[in-house]
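Enquirer: Okay, sequence plus prediction incoming.
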Amino acid sequence: MVAAYNIEAFTDTSESFAAISLLFILYGYCVIPFTYIMSDLYDNVGSAQVAAFFLNFLLGSIGPLVIFILRIIESTRSVAESIAWIFRLIPAYAFGEGILNIAARTVFSTFSESKELLTAFEIDVAGGDLLFLFLFGTIYFIAIFIIEKLSHIHFASFKKTIKY
C-alpha cells in the first residue's frame, strides 16, 4: 500500500521502503505472541480482546504522538527518549513510533548536531524499533513455550479434584 500510494516519506529512498517493509513484517512477528500472552492474563475472552484493543490503540497510535511532541520540546526530550525505550516493549508502540520516526526524519535532523538527514535504520529513527520488535518477538515466543510447558506439568498439591 505504501508503494501504491507513493507516500514520499516512505518511498523517497529504497532504505526507507525497506525499513517500512521490515516494520510490517516484524510487527506481525512480535504482536502475535504478545497478544497470546496478554490473552492468558484474562479469564474472559471478551475482556482480553477489549484490553488488547485499547492497549494497542493507545500505545500504538497515541503513544508515539505524545512521545514525538515531548521529543520536540527541549526540556522534556531526555524524559521522552527514556520512556520510549520502555514503551517499545509493546509491539504496537514500536511499530507506530517506527513509522512516525521515518516520516519525521527531517524534523529530527534539525535537532541533531550534524544537521544531516538521518537514515531510516538509525537507532533513533526506526532501528531501535526494528531491534525491539525482533528481539521481543523472539522472547515472547520463548515465553509462550515456557508457559505452555509449565501449564501441562501437574503438581500433586495443585491438582483440582471434582467431587461427584
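Expert: On my side now, so go ahead.

Enquirer: per-residue confidence at the closest residue to A104 other than its chain neighbours?
Expert: Leaving out its chain neighbours, the residue that sits closest to A104 by Cβ to Cβ, 6 or more residues apart in numbering is F68, at 6.8 Å. The C-beta positions use only the backbone N, C-alpha and C, and glycine is treated the same way. With respect to pLDDT, F68 scores 92.

Enquirer: ok, how many other residues are close to F68?
Expert: Burial of F68 is recorded as 19 neighbouring residues (other Cβ atoms under 10 Å).

Enquirer: Against A51, how distant is it?
Expert: Using Cβ to Cβ, to the nearest Å, F68 is found at 25 Å from A51.

Enquirer: Surely the residue nearest to A104 is in contact with I99?
Expert: No. Here F68 does not reach I99: they are 11.1 Å apart, not a contact under Cβ atoms under 8 Å.

Enquirer: Mind checking the pLDDT average for the longest helix seen in the chain?
Expert: Longest helix of the chain, by residue count under DSSP state H: helix 14-39. The average pLDDT within helix 14-39 is 93.

Enquirer: Downstream of it, the next helix or strand is which one?
Expert: Next along the chain after helix 14-39, taking DSSP states H and E as the criterion, comes helix 45-57.

Enquirer: Dump that next one to CSV, restricted to CA.
Expert: Only the C-alpha atoms of helix 45-57 are listed here, as CSV (Å, rounded to 0.1, in the frame of the first residue of the first chain):
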residue,chain,number,x,y,z
VAL,A,45,-12.2,-13.8,26.1
GLY,A,46,-14.2,-10.7,25.6
SER,A,47,-12.2,-8.8,28.4
ALA,A,48,-8.9,-9.9,26.8
GLN,A,49,-10.0,-8.7,23.4
VAL,A,50,-11.1,-5.3,24.7
ALA,A,51,-8.0,-4.9,26.8
ALA,A,52,-5.7,-5.8,23.8
PHE,A,53,-7.6,-3.4,21.5
PHE,A,54,-7.3,-0.4,23.9
LEU,A,55,-3.6,-1.2,24.7
ASN,A,56,-2.8,-1.4,21.1
PHE,A,57,-4.8,1.7,20.2
